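Visitor: my questions are about this predicted structure, shown below with the sequence.
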Amino acid sequence: MVEWTEQERDIINSIFSSLDYEDIGPKALSRCLIVYPWTQRYFGGFGNLYNANAIKSNPMIAAHGIRVLHGLDRAVKNMDNIKATYAELSVLHSEKLHVDPDNFKLLADCLTIVIAAKLGSAFTPEVQATFQKFVAVVVSALGSQYH
Amino acid sequence: MSLNDDDKAVISGFWGKASSRAAEIGADALGRMLVVYPQTKTYFDHWKDKSPSSHNVRKHGKKIMDAIGDAITLMGDLNNALLELSQLHAFTLRVDPSNFKMLSHNILVVMANYFPDDFTPDVHLAMDKFLAAVARALSERYR
């Protein structure tokens, strides 16, 4: 069971309540596909991913980025039970999407960096530590049903 | 995943803008690493104060980033450029190489934080490759 202090809960809620999903989602996913190009393997049907500009302007990628970010809402609303909350999604990523779970960490790192760029001085070391703890729990939960 | 000419140009271009804040970047990255990855504090037991704003962190962070800045000018041959530092890390400091990733991650976070418009995905990609290449060169003498 992951323990969260009041301060950590406040930090996570604050980050997500002020987040522009339409902005951050596409930025995080497209950054992942550019910085770690092998992750493009999961997006064969998403159209033109030929170069960074194509990826950044790809509407299917943008839509998917928004979707993924909204997927994190469930963890924000269920911080005391993230593992159970994502059990089904973990099965989906394993059995249907066949995503190597190491990739979750790559996307998490890109999201951290996009948030760091967005929040400026508000992204203190403590906020960063809390955010990284949160995404680490999400990453672990998404990998939990793989076998 | 070696650095190609495009990567080198992108890195030099970005560092041209960022180098004036090298000391700040290094101090912030080191300070964040010690907070976000507390296990890294084990290498600094000799420091009483390991907080991000402490004198030790600021001084050591600057030292690290100055060395990284030097490595940028010598990107063509990192193994030779970092030979002595590799020997230092291998035989004296004996920092587990997994820690290089943690510091690199925080350097990237700080770069994004300080230069949100300039730290584009292309710059991120090139800097990530560069820091990984630095880590490889630093691990060269380990065994």
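Guide: Yep, it's here. Numbers count the residues shown, from 1 in each chain, chains lettered A, B, ... in the order given.

Visitor: show me where the chain has helices.
Guide: Just going to use chain A. Secondary structure of chain A (DSSP state H): helices at A:6-17, A:21-35, A:52-56, A:59-77, A:82-85, A:87-91, A:102-119, A:125-143.

Visitor: my question was about chain B
Guide: Using DSSP H, the helices of chain B run over residues B:5-18, B:22-36, B:55-73, B:78-81, B:83-87, B:98-114, B:121-139.

Visitor: could you export those as a markdown table, including mean neighbour count and mean pLDDT?
Guide: C-betas here are computed from N, CA, C, even on glycine. Output for those, formatted as a markdown table (neighbours: other Cβ atoms under 10 Å in any protein chain shown; pLDDT from 0 to 100):
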| stretch | mean neighbour count | mean pLDDT |
| --- | --- | --- |
| helix B:5-18 | 16 | 97 |
| helix B:22-36 | 23 | 98 |
| helix B:55-73 | 17 | 97 |
| helix B:78-81 | 16 | 95 |
| helix B:83-87 | 15 | 96 |
| helix B:98-114 | 21 | 97 |
| helix B:121-139 | 21 | 97 |
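
Visitor: turn those helices into TSV, columns for distance to A:Gly45.
Guide: Converted to TSV, the helices of chain B look like this (distance: least, Cβ to Cβ, whole Å):
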stretch	distance to A:Gly45
helix B:5-18	28
helix B:22-36	36
helix B:55-73	39
helix B:78-81	39
helix B:83-87	45
helix B:98-114	30
helix B:121-139	22
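
Visitor: show me what contacts A:Asn58?
Guide: Residues near A:Asn58 by Cβ atoms under 8 Å, 6 or more residues apart in numbering or on different chains: A:Ser30, A:Phe46, A:Gly47, A:Asn48, A:Leu49.
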